[in-house]
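S.K.: need the 3D shape of this:
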Amino acid sequence: MKATSTSPMISTNKPLEGGDNCILKKIGEESAEFVMACKDDDPDAIAGEAADLIFHVQVDLAHHGVDWRRVQEVLAERRGAPRSE
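M.R.: I've put the predicted structure just below:
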């Protein structure tokens, strides 16, 4: 599907063309927006900002050649690990 000027993908694709620094800047921005949505206790905004943050994290993982499955493996390993308090 080709992106149009009204497509939401335009705003998410453009910053990624600048490489790692642009991707990392976007992750920082989305992290702050996620924190603010949580502070405001707005479930819809929290879900939206979490989705944005996860999307940009996945983009940077791909940029560095880290497979999303590897992240899932790490999470699974941590589930079984004893937790310190």
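
S.K.: from here on, contacts and neighbour counts on C-alpha atoms
M.R.: Noted.

S.K.: contacting residues around the helix or strand Ala51 falls within?
M.R.: Using DSSP states H and E, Ala51 sits within helix 43-63. For helix 43-63, contacts defined as CA atoms under 8 Å, 6 or more residues apart in numbering pick out 19-20, 23-24, 26-27, 30-31, 33-34, 37-38, 67-68.

S.K.: recalculate using a threshold of 6 Å.
M.R.: Under the criterion CA atoms under 6 Å, 6 or more residues apart in numbering, residues 27, 30, 34, 37-38 lie in contact with helix 43-63.

S.K.: okay, the angle between the very next helix or strand once past it and helix 43-63?
M.R.: As assigned by DSSP H and E, the chain's next helix or strand after helix 43-63 is helix 68-80. Relative orientation of helix 68-80 and helix 43-63, computed by axes from the mean of the first three to the mean of the last three CA atoms, to 10 degrees: 120 degrees.

S.K.: helix 68-80: how far from the chain's middle?
M.R.: 17 Å (CA atoms, centre = their mean, to the nearest Å).

S.K.: same check on stretch 24-40?
M.R.: The answer for stretch 24-40 is 10 Å, by CA atoms, centre = their mean.

S.K.: going forward, begin numbering at 753 instead of 1
M.R.: Sure, I'll start numbering at 753, so the last one becomes stretch 776-792.

S.K.: could you pull out the buried residues of that stretch?
M.R.: 776, 778-779, 782-783, 785-786, 789-790 (16 or more other CA atoms under 10 Å).

S.K.: do you know how far Lys795 is from Glu801?
M.R.: Actually, residue 795 is Pro. It isn't Lys. 10 Å (CA to CA, to the nearest Å).

S.K.: neighbour count: the two, which is higher?
M.R.: More neighbours surround Glu801 than the other of Pro795 and Glu801, with 21 against 11 (other CA atoms under 10 Å).
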